[in-house]
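# sequence plus predicted model, see below.
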Amino acid sequence: MVPAIALFLMMLALPAPAQTDTTRRGDTLFPSDTSMTVDTTGAFSADSSFLSGISTDTVEFFAKEPDPFIKGRSGLIYLTGLVAGSGLSLEALDPRLKGGSLVFYGFEGFTLLNGLLIGGGWSGAHLYNPPAAYDQFSFDYGGVLLGYDARLRPLGLSVRGAVMVASGGLEMIRKDSALTLSTGREILERVRHEGFYALRPGISIGISPIQYFDLRLGVDYLLPLGGSSLTDLRNLTYGIRVAFGIGE
């Protein structure tokens with residue numbers, strides 16, 4: 001009887017599993033002084049004693065940055081057709097051209113990479129209302145196009161600044177009515193024939209009402225290089241650009 005009583009007292013002296021500091025739930029140990037509620041959706045909530053054990057130094061908060069006002073556009077390829085009037089004085093080139101008018105037609109192809117524009121283009125002038133004395137008037141140029149294109153997000157517009165490094169030529173041929181051959185054929189006089197290099201900086205503003213389509217209004221200034229004889233070719237052009245492409 002005495003040994004049985006001694007064994008019973010020894011069992012009472014051992015700590016019960018429920019009195020340990022931690023409780024095992026599955027594979028996770030939780031502090032015994034922390035209560036946690038788990039709902040059927042998998043979300044849980046912990047009391048303040050549990051959250052107080054988390055250091056604020058290890059908590060990071062991520063806030064969504066607002067879209068920038070100006071952001072460079074990107075696009076695989078754009079093809080642009082352009083029509084532009086010209087401020088070139090035809091009368092300064094040749095008094096006989098008085099009354100005529102020039103319109104430039106051209107195209108541009110380029111790609112955009114985070115706003116950086118790289119491509120090329122060409123423009124050529126067509127003489128409207130030419131005098132009867134003129135047989136030919138050609139004025140064109142083309143080259144490499146570099147610039148930057150950015151979207152003004154809140155306004156839904158895009159602004160582009162670009163410069164073309166180009167080469168071109170001018171040829172003016174007219175009929176000389178004062179001289180004729182005995183055969184009755186007219187004599188053609190080459191009034192001007194020269195080539196040149198040029199810079200054509202410009203700026204344009206555009207809108208894209210639908211994806212892959214871009215409508216722009218632009219102003220460019222042609223600055224021929226190579227001597228004082230080319231100063232009369234400097235002119236301002238202004239017109240419309242219509243672009244189709246794959247991009248923003």
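Now that the structure is in, tell me what you want to look at.
# residues touching stretch 196-209, excluding its own?
Stretch 196-209 has contacts (Cβ atoms under 8 Å, 6 or more residues apart in numbering) with 141, 143, 156-170, 214-226, 230, 233, 241, 243, 248. All C-beta spots, glycine's among them, are computed from the backbone N, C-alpha and C.
# buried ones in whichever strand or helix holds residue 140?
Using DSSP states H and E, residue 140 sits in strand 134-152. For strand 134-152, the neighbour count (16 or more other Cβ atoms under 10 Å) marks 134, 137, 139-143, 145-147, 149-151 as buried.
# restrict stretch 197-209 to CA atoms and write it as CSV.
Extracted C-alpha coordinates of stretch 197-209, given in CSV (Å, rounded to 0.1, in the frame of the first residue of the first chain):
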residue,chain,number,x,y,z
TYR,A,197,24.1,69.6,-96.1
ALA,A,198,21.5,70.8,-93.6
LEU,A,199,20.2,70.6,-90.1
ARG,A,200,16.4,70.6,-89.7
PRO,A,201,15.4,71.0,-86.0
GLY,A,202,11.7,70.9,-85.3
ILE,A,203,9.0,70.4,-82.7
SER,A,204,5.5,68.9,-82.9
ILE,A,205,2.5,68.1,-80.7
GLY,A,206,0.2,65.2,-81.3
ILE,A,207,-2.7,63.2,-80.2
SER,A,208,-3.6,59.5,-80.6
PRO,A,209,-7.4,59.1,-80.7
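# what mean pLDDT does that stretch get?
The average pLDDT within stretch 197-209 is 94.
# try stretch 80-95
So the average pLDDT for stretch 80-95 ends up being 93.
# also stretch 225-235?
86.
# among the buried residues of strand 134-152, which one has the lowest pLDDT?
residue 134 (86).
# which non-adjacent residue is nearest that one?
What sits nearest to residue 134 in space, not counting adjacent residues and going by Cβ to Cβ, 6 or more residues apart in numbering, is residue 174, at 4.8 Å.
# helix, strand, or coil at that neighbour?
strand (DSSP: H, G, I helix; E, B strand; the rest coil).
# residues contacting residue 98?
With contacts taken as Cβ under 8 Å, 6+ apart, residue 98 has the following neighbours: 90, 91.
# in this protein, which spans are strands?
22-25, 28-31, 36-38, 44-46, 70-72, 75-86, 101-113, 116-128, 134-152, 157-180, 186-207, 213-225, 235-247 (DSSP state E).
# tabulate these (a markdown table), appending distance to residue 93.
A markdown table is the format used below for those (distance: least, Cβ to Cβ, whole Å):
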| stretch | distance to residue 93 |
| --- | --- |
| strand 22-25 | 93 |
| strand 28-31 | 89 |
| strand 36-38 | 88 |
| strand 44-46 | 84 |
| strand 70-72 | 40 |
| strand 75-86 | 12 |
| strand 101-113 | 10 |
| strand 116-128 | 11 |
| strand 134-152 | 9 |
| strand 157-180 | 7 |
| strand 186-207 | 7 |
| strand 213-225 | 13 |
| strand 235-247 | 11 |
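# for residue 92, which of these is the nearest?
Proximity to residue 92 (Cβ to Cβ) singles out strand 235-247 among these, at 10.2 Å.
# just checking, what packs against that closest one?
strand 75-86, strand 101-113, strand 186-207, strand 213-225 (3 or more Cβ pairs under 8 Å, 6 or more residues apart in numbering; DSSP states H and E).
# in TSV: these, plus mean neighbour count and distance to residue 69.
Shown next, in TSV, are the helices and strands packed on strand 235-247 (neighbours: other Cβ atoms under 10 Å; distance: least, Cβ to Cβ, whole Å):
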stretch	mean neighbour count	distance to residue 69
strand 75-86	17	20
strand 101-113	18	18
strand 186-207	16	15
strand 213-225	18	20
